[in-house]
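K.L.:
using only what follows, build the 3D model:
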Amino acid sequence: MVGTVGAVMALLLSVLYLQVVMLQRQRELDDLANQSTEVMRENQDLRRNVAELESPDAIVRRATEELGMVPAPEVVYLDPSPAAAPDEPIVRTLGDQPGAPSADAAVPDDPAASDAPTESGPAEGVSG
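P.N.:
Down below sits the predicted model:
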């Protein structure tokens, strides 16, 4: 009988131990679930923050207020069609007036683009 009582007590202690371990594991799982929820909420906040910072209004506001930039006086849209292309490249800075020569006008790297004679003879349109 003492052996049976000892076996029952050992069985009850084992069940009690397993219950304690299960409660500890459940508490760990709950803590991890809470952490996961917090991280997901923080991730959503960060995504919202990035979207706000990437908005055009926020970029303009930061450029003007924090970086001291000023808006361009006018916006010029270019027509990329070949018929609209000028014969000579136009290089201007923001302060240049149309029609006035630019102080830092670019020199073409392509010898065929200049009117100077080349090794093969005079350039097109130049009588020699």
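K.L.:
residues in contact with the helix or strand bottoming out on mean pLDDT in the chain?
P.N.:
Ranked by mean pLDDT, DSSP states H and E, the helix or strand of the chain with the weakest confidence is helix 56-65, at a mean of 93. The contact list for helix 56-65, computed with C-beta atoms under 8 Å, 6 or more residues apart in numbering, reads 52-53, 69-71. The C-beta positions use only the backbone N, C-alpha and C, and glycine is treated the same way.
K.L.:
which ones among the residues you listed map onto strands?
P.N.:
Among the contacts of helix 56-65, none falls in strands (DSSP state E).
K.L.:
any chance of the residues you listed in CSV, with neighbour count, pLDDT and distance to L12 too?
P.N.:
Shown next, in CSV, are the contacts of helix 56-65 (neighbours: other C-beta atoms under 10 Å; pLDDT from 0 to 100; distance: C-beta to C-beta, whole Å):
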residue, neighbour count, pLDDT, distance to L12
E52, 10, 94, 60
L53, 10, 93, 61
M69, 11, 93, 77
V70, 7, 90, 82
P71, 9, 85, 81
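K.L.:
among the residues you listed, which two are most distant?
P.N.:
Taking C-beta to C-beta as the measure, the contacts of helix 56-65 span a maximum distance of 23.2 Å, between E52 and V70.
K.L.:
can you name every helix or strand that the longest helix seen in the chain contacts?
P.N.:
Determined from DSSP state H, the single longest helix within the chain is helix 2-54. Contact partners of helix 2-54 among helices and strands, from 3 or more C-beta pairs under 8 Å, 6 or more residues apart in numbering; DSSP states H and E: none.
K.L.:
pLDDT below threshold where in this structure?
P.N.:
Scanning the chain with the threshold set as pLDDT under 70 gives 82-128.
K.L.:
change it to 80
P.N.:
Within the chain, the stretches with pLDDT under 80 are 1, 78-128.
K.L.:
list just the nearest of the contacts of helix 56-65 to R41.
P.N.:
Taking the contacts of helix 56-65 together and measuring to R41 by C-beta to C-beta, the closest member is E52, at 16.7 Å.
K.L.:
could you count how many residues lie near the closest residue to that closest one other than its chain neighbours?
P.N.:
In this structure, E52 finds its nearest non-sequential neighbour in A58, 5.9 Å apart by C-beta to C-beta, 6 or more residues apart in numbering. Counted with other C-beta atoms under 10 Å, residues neighbouring A58 total 12.
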